[in-house]
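> Coordinates for the following, if possible.
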Amino acid sequence: MQTVATVNWMEEADALCGLLDANGIAFFLPDQGMATTIPLYANSIGGIRIQVKDQDLERARELLETTTPAVGKGIFECPECGSDSVEYERVSKRFAYFSIIFLGLPLPWLKRRCRCEACGHTWKPA
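Reported below is the predicted structural model:
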């Protein structure tokens, strides 16, 4: 089995697997159990891998390159570059680290800001 695609969410994997299944290509999701049980861990294990048999690899790659299912936008969108690759920082990580070092316990300092991972722009959400 060869990995033909890696996605972050089970919904994306289901869409791609439906496309492969409709074209007669057998697939396997080795990370399905972890991603279904605890969806936020999918990123920590490197994403959800979609694997196909060796003889179907080229056909599956061609199919996935020509047809990409629509994926929903994220919750936040960067006002500078329009990217939806945005991290919402609720508390200050730096303050929490320093409080661990000096006091021995983390103290949350509310920050509530967004940071775009594409361009680095930061802003307070409305």
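
> Which helix in this protein has the most residues?
Criterion DSSP state H: the longest helix present in the chain is helix 10-22.

> State the paired neighbours of the next helix or strand after that helix in the sheet, together with their directions.
Going down the chain from helix 10-22, the next helix or strand is strand 27-28, by DSSP states H and E. Sheet pairing of strand 27-28 (DSSP bridges) gives strand 48-52 (antiparallel).

> Poorly predicted segments of the chain, please.
Residues of the chain that meet the criterion pLDDT under 70 lie in 68-75, 90-92, 108-111.

> Residue ranges of each domain in the protein, please.
Annotated domains of the chain cover 2-66, 86-123 [automatic domain parsing].

> now what about the helix or strand encompassing residue 64, what contacts it?
Taking DSSP H and E as the definition, one finds residue 64 inside helix 57-66. Helix 57-66 has contacts (Cβ atoms under 8 Å, 6 or more residues apart in numbering) with 2, 4-5, 16, 19-20, 23, 25, 27, 52. In this view, the C-beta of every residue, glycine as well, is placed from N, C-alpha and C.

> What of stretch 114-123?
With contact meaning Cβ under 8 Å, 6+ apart, stretch 114-123 is reached by 76, 78-81, 83, 85-89, 113, 124-125.

> Can you tell me which of the domains of the chain is packed in deepest?
domain 2-66 (a mean of 15; mean count of other Cβ atoms under 10 Å).

> what's the first-to-last distance across it?
Length of domain 2-66, first residue to last, Cα to Cα, to the nearest Å: 19 Å.

> Backbone dihedrals for residue 29, both of them.
Dihedral angles phi and psi of residue 29 (degrees, to the nearest 10) take the values phi -110, psi 90.

> ok, now residue 115?
Dihedral pair for residue 115: phi -130, psi 130, per degrees, to the nearest 10.

> now residue 116
Main-chain torsions, residue 116, degrees, to the nearest 10: phi -80, psi 130.
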